Structure formats: C-alpha cells, structure tokens
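S.K.: Attaching a predicted model along with its sequence, questions to come.
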Amino acid sequence: MSIEDFDATIQTLPTEPPLHFYLIADAAQDSRHPSGLTESIPDTRSQCLLTYHQGADLEAAAPHLMSFPQFDVNAKSWQWLAGYGAAMPAAVSVIASPLNFEALFAHLHAFTEVVLPDGDEMIFAFWDPAILGTLFGQQDDDTLHVPGPVLTSREREQFLAGMSAWWYWDRTRKIHQVVPNTGKNTGKRVSLPLRITQTQVDMLVEASVPDHILGYIRMNKPGILSKVPDPEQYPRVEQHLQEARRLNLLGMQDIVNYVCAGIIYGSHMQESIEIERLLEKVRSRQISLTEALEQFP
C-alpha cells in the first residue's frame with residue numbers, strides 16, 4: 001500500500017471523535033524497536049504490551065504499543081511507515097482509534113494472555129500478522145494457512161471495541177484493513193482473560209506451521225531457498241505443506257523433509273511419473289517418506 005492508498009483509506013474513517021494513531025511494533029522481529037522509533041520520531045510514547053513490569057531482556061524481544069503522529073500524506077513518518085511495513089511485515093501493525101494511549105494499552109494488554117482448556121495460561125500473540133488475520137477471518141488475505149475466524153463473533157466484537165481500523169501487512173507484503181463491526185453490541189461481554197476451546201487452540205497451532213517450517217529451513221538449510229525469491233518462499237512452503245497433509249504425513253520431520261524436497265524438485269514433483277508412484281506408496285503406507293526420498297530420481 002502506498003502512502004496515497006493509506007490516505008484514501010483513512011479518509012473513509014469517521015472523524016468524530018478524533019482519531020489517534022498507534023503502532024504495535026514487535027521487537028522480536030526488529031530489535032531496533034522501540035528505541036529506534038522513539039529516537040527518530042519526536043514525542044513518541046512506548047510501552048511493552050506483555051506486562052506492566054518487564055525485565056530489560058524480555059522487553060527487548062516483546063511487542064510494544066507506540067503512539068504515532070497524526071496522519072499527513074506528506075509527513076516523513078507516514079512515508080517511512082508505508083515502506084517499512086511492506087519491508088518488515090511481521091514487525092509492525094497500525095491502529096486508528098479514538099481511545100487515548102492509556103485506554104488502548106489497557107484494552108490490548110487485557111488480551112495478551114488466554115486460558116487454555118486445561119487451565120494453563122499462554123501468551124496470546126495477536127500482534128503476529130499470521131495470527132491476527134486468522135483470529136478475525138480476514139477474507140481478503142489469501143496467505144492465511146488457516147482462514148479463520150478463530151474467535152467467536154462476540155470475542156471479535158469485544159477485541160475490536162474502541163478501534164476504528166487495524167492495518168497489517170501479510171507475508172507477501174500486501175496490506176489488509178481489519179474493520180470492526182459497527183453494528184449495535186447486543187451480546188454479553190466475554191470475561192478476560194479469554195478462555196479458548198481446544199478447537200481454537202488447534203486452529204492457532206496450525207496457523208503458524210508454515211512459518212515455523214520456513215523459519216527452520218532458513219536457519220538450518222538456507223541453500224534450499226537460494227534460488228527462490230523471498231516473496232515466493234512462504235507460498236512455496238504453504239503449497240508443499242498442503243501436499244504433505246494430503247499424503248497423510250503426520251510427523252513434523254517427515255513434513256519438513258517433504259517440503260524441502262518439494263522446493264528442490266519444483267514442478268518435477270508433479271510431472272515425474274516415478275515420483276508420483278513413490279508418493280502414492282507413501283500415501284498408502286507401503287513405504288516411508290524416507291524410503292521414497294532415497295529412490296527419487
């Protein structure tokens with residue numbers, strides 16, 4: 001999204017009450033946050049979202065809510081943001097809200113933990129674009145491995161209360177606008193922290209599987225990706241993950257090995273009769289994936 005596109009989108013938002021703009025900047029994705037932004041943008045306020053009192057080490061790798069200047073199509077801060085968001089899609093999202101900093105912080109902070117079905121608590125990483133889109137069922141985001149929505153309509157309504165818009169960049173650097181439901185809230189409020197069901201847990205776990213696989217390959221087998229342009233890497237992993245599921249591969253090691261083979265062999269995986277025959281034997285449990293890969297031409 002260009003700065004002009006941002007301008008056109010923001011022009012459609014209500015102006016009363018007046019809007020404030022905020023970033024959620026994830027220091028785990030870009031270690032320059034929050035100090036890099038607070039130093040370059042005057043009067044920027046920042047606070048770690050995870051708890052009210054964090055140690056320096058944890059805060060250095062945590063999401064921060066940051067105030068941002070009022071929108072101005074000619075402002076250097078907004079021109080920078082349009083480019084930065086596309087370059088670092090996992091590191092930042094943008095919120096427009098009539099709430100002041102303290103109110104929005106308290107609202108978001110209340111959602112940073114969820115209670116699992118067994119009663120344990122877990123950090124709820126809603127600031128991750130892969131999770132954010134899945135939580136709300138962002139229909140125009142075709143990069144989502146799990147389309148969602150994970151949250152119920154009442155949970156979504158309460159989560160987005162007080163927000164006019166929430167923008168995030170997907171894995172292919174396209175921007176999406178989460179739009180709150182503007183209808184009248186007639187449902188009973190959900191208690192916080194959210195108590196999520198096993199189905200919701202399973203959806204959230206599955207949503208991040210392609211990212212974990214891609215991260216593993218980048219760290220441990222980077223040569224496999226050397227000829228794959230960065231914007232194409234996630235879609236390629238997603239494609240081969242779906243193929244691995246259709247082969248009924250369950251173990252993560254088998255899934256990773258299949259994805260790596262898919263990237264290496266490319267279209268030859270679908271075009272080779274010999275590979276197709278071997279994979280059919282894997283699907284029918286006649287041979288293991290390891291045995292099949294050893295016989296790949």
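M.R.: Ah, there it is.
S.K.: only C-alpha atoms for contact and neighbour calcs from this point on.
M.R.: OK.
S.K.: Could you list the low-pLDDT ranges of the stretch 151-297 of the chain?
M.R.: 182-187 (pLDDT under 70).
S.K.: let's see it at 90
M.R.: Residue ranges of the stretch 151-297 of the chain with pLDDT under 90: 171-174, 179-189, 230-231, 250, 267-270.
S.K.: What ranges does it have for its strands?
M.R.: 165-169, 175-178, 194-195 (DSSP state E, counting those that start in this stretch).
S.K.: TSV for the ones you listed, including distance to T152?
M.R.: Conversion of those to TSV gives the following (distance: least, Cα to Cα, whole Å):
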stretch	distance to T152
strand 165-169	18
strand 175-178	15
strand 194-195	11
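S.K.: can you tell me which of the ones you listed comes nearest to V150?
M.R.: Closest to V150 of these, according to Cα to Cα: strand 194-195, at 12.3 Å.
S.K.: Might one say that W167 is in contact with V94?
M.R.: Yes: counting by Cα atoms under 8 Å, W167 does reach V94; the two are 5.1 Å apart.
S.K.: rewinding a little: deepest in the core, which of the strands of the stretch 151-297 of the chain is it.
M.R.: strand 165-169 (a mean of 22; mean count of other Cα atoms under 10 Å).
S.K.: can you tell which of the strands of the stretch 151-297 of the chain is closest to G266?
M.R.: With Cα to Cα as the measure, strand 165-169 is the member of the strands of the stretch 151-297 of the chain nearest G266 (27.2 Å).
S.K.: Excluding its own residues, what touches the lengthiest helix in the chain? List them.
M.R.: Ordering each helix of the chain by length in residues (DSSP state H) puts helix 230-246 first. For helix 230-246, contacts defined as Cα atoms under 8 Å, 6 or more residues apart in numbering pick out 143, 145, 171-173, 210-211, 213-214, 225, 255, 258-259, 262-263, 283.
S.K.: And it, what's buried?
M.R.: For helix 230-246, the neighbour count (16 or more other Cα atoms under 10 Å) marks 233-238, 240-241, 243-244 as buried.
S.K.: Distance to L278 added to those, as TSV?
M.R.: Listed next are the buried residues of helix 230-246 as TSV, based on distance: Cα to Cα, whole Å:
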residue	distance to L278
Q233	25
Y234	26
P235	24
R236	21
V237	21
E238	22
H240	16
L241	18
E243	14
A244	13
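S.K.: Of those, which is the nearest to A27?
M.R.: When those are compared for distance to A27 (Cα to Cα), Y234 wins out at 21.6 Å.
S.K.: measure the closest one to P210 for me?
M.R.: 7 Å (Cα to Cα, to the nearest Å).
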